[in-house]
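Participant: Build the 3D model from these lines:
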Amino acid sequence: MRNSKLRSVRVALAVFLAKFRLGLSNRVLATIFDLKGNRTVSKIINQLRQVLTIDFVPHRIGLNHKLCIVMDDTYIPIQNQDEYILAVFGPFLADGHNNNASIIQHIMKNDDQGIASWLHDDDVIIVDHGFRDAVNSMEELGLCVEIPSFLKGKKQFSTQEANRTRTITKNLLHNCIVNGKTKEWKYFNYLQNSSLRFLPDDMDIVCALHNAFRQAVMRDPTNGIELAKIMLEQIQKENELDK
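Facilitator: Below is the predicted model:
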């Protein structure tokens, strides 16, 4: 992308980011950046979308890391524990035919983005209760699925079940953090019908921007490793108060 008489590359990028981060209308953006009108703003956004999708997104998002996978249901971002989003699947309609389990089954069955061939036997998949109906499908692929325990008619968990569930939930916390950050982009709060065809590319761009400029929630990774060791050491520890 090059500078033009109407705008510089710097201004074009600022227009795009203001549109997505703040959710401003094209008319407001045209006024702020002293552009000719709505069509000029729309043209700039489309140009940036194409450039970022080709030259930026592939370097910042994709299935190219070995890690423990955590899955959730906001456009199914898959990320490791440094809040890096590996890949984005979707969008999927919010109707009775789509839920966490059916979506992940669809992704695995159709090998979206080559995910099934990318995964290996005994890779760990951490999921929440919403994926319970897909656990068998993932285990049939040789994956090790970790999901919080279910009470199944009991009044409370055993000590081991409670400890295990807390350990899994601790890892799932990062999903909520990352999903919350993607929802800070106000452009997605209300989408025009004309923008729906760009939704997959737009979500890829936002997640790639997150990866490029994210700030880790855990400021001290060493402390996190020590905390994980303590949790694993005590996971089989008996509850002395029950005795």
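Participant: drop to CA atoms for contacts and neighbour counts, all remaining ones
Facilitator: Will do.
Participant: Tell me the helix or strand right after the helix-or-strand element of the chain with minimal mean pLDDT.
Facilitator: In the chain, no helix or strand scores lower on mean pLDDT, DSSP states H and E than strand 77-79, which sits at a mean of 40. Later in the chain than strand 77-79, the nearest helix or strand by DSSP states H and E is strand 85-88.
Participant: Which elements pack onto the helix or strand just after that following strand?
Facilitator: Going down the chain from strand 85-88, the next helix or strand is helix 100-110, by DSSP H and E. Here helix 100-110 touches helix 115-118, helix 135-140, going by 3 or more Cα pairs under 8 Å, 6 or more residues apart in numbering; DSSP states H and E.
Participant: Mean pLDDT lowest where, among those helices?
Facilitator: Mean pLDDT is lowest for helix 115-118 among the helices and strands packed on helix 100-110, at a mean of 78.
Participant: Show me what secondary structure element comes after that helix.
Facilitator: Following helix 115-118 in sequence order, the next helix or strand is strand 124-126 (DSSP H and E).
Participant: just checking, what packs against that following strand?
Facilitator: Right, strand 124-126 is packed against strand 69-71, strand 144-146, helix 159-182 by 3+ Cα pairs under 8 Å, 6+ apart.
Participant: picking that back up, most tightly packed of the helices and strands packed on helix 100-110?
Facilitator: Neighbour counts (mean count of other Cα atoms under 10 Å) averaged over each of the helices and strands packed on helix 100-110 peak at helix 135-140, with a mean of 15.
Participant: elements contacting that one?
Facilitator: With contacts taken as 3+ Cα pairs under 8 Å, 6+ apart, helix 135-140 sits against helix 100-110, strand 144-146.
Participant: which residues touch it?
Facilitator: Around helix 135-140, the neighbours that count as contacts under Cα atoms under 8 Å, 6 or more residues apart in numbering are 105, 108, 144-145.
Participant: cool, stretch 34-52 as well?
Facilitator: When contacts are defined by Cα under 8 Å, 6+ apart, stretch 34-52 is touched by residues 1, 6, 12-13, 15-16, 26-27, 29-31, 201-202, 205.
Participant: Tell me which two in those are the farthest apart.
Facilitator: Farthest apart among the contacts of stretch 34-52 by Cα to Cα are Thr31 and Asp201. That separation is 26.4 Å.
Participant: Look at these two and report which has more neighbours.
Facilitator: Taking other Cα atoms under 10 Å, Thr31 and Asp201 do not tie; Asp201 has more neighbours (16 against 12).
Participant: How much space separates that one from Asn46?
Facilitator: 11 Å (Cα to Cα, to the nearest Å).
Participant: among the helices and strands packed on helix 100-110, which is nearest Asn98?
Facilitator: Nearest to Asn98, of all the helices and strands packed on helix 100-110, is helix 135-140, at 16.1 Å by Cα to Cα.
Participant: how distant is that closest one from the center of its chain?
Facilitator: Mean-position distance between helix 135-140 and its chain equals 21 Å (Cα atoms, centre = their mean, to the nearest Å).
Participant: For that helix, output the C-alpha coordinates as PDB.
Facilitator: The C-alpha coordinates for helix 135-140 follow below in PDB (Å, rounded to 0.1, in the frame of the first residue of the first chain):
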ATOM      1  CA  VAL A 135     -15.500 -35.300  24.200                       C
ATOM      2  CA  ASN A 136     -15.900 -38.800  22.800                       C
ATOM      3  CA  SER A 137     -15.300 -37.500  19.200                       C
ATOM      4  CA  MET A 138     -12.100 -35.800  20.300                       C
ATOM      5  CA  GLU A 139     -10.900 -38.900  22.300                       C
ATOM      6  CA  GLU A 140     -11.600 -41.100  19.200                       C
END
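Participant: Use 7 as the first number from now on
Facilitator: All set: I'll call the first residue 7, so the last point we hit is now helix 141-146.
Participant: follow-up on the earlier one: deepest-packed of the helices and strands packed on strand 130-132, please.
Facilitator: Across these, averaging neighbours per residue (mean count of other Cα under 10 Å) puts strand 75-77 on top, at a mean of 20.
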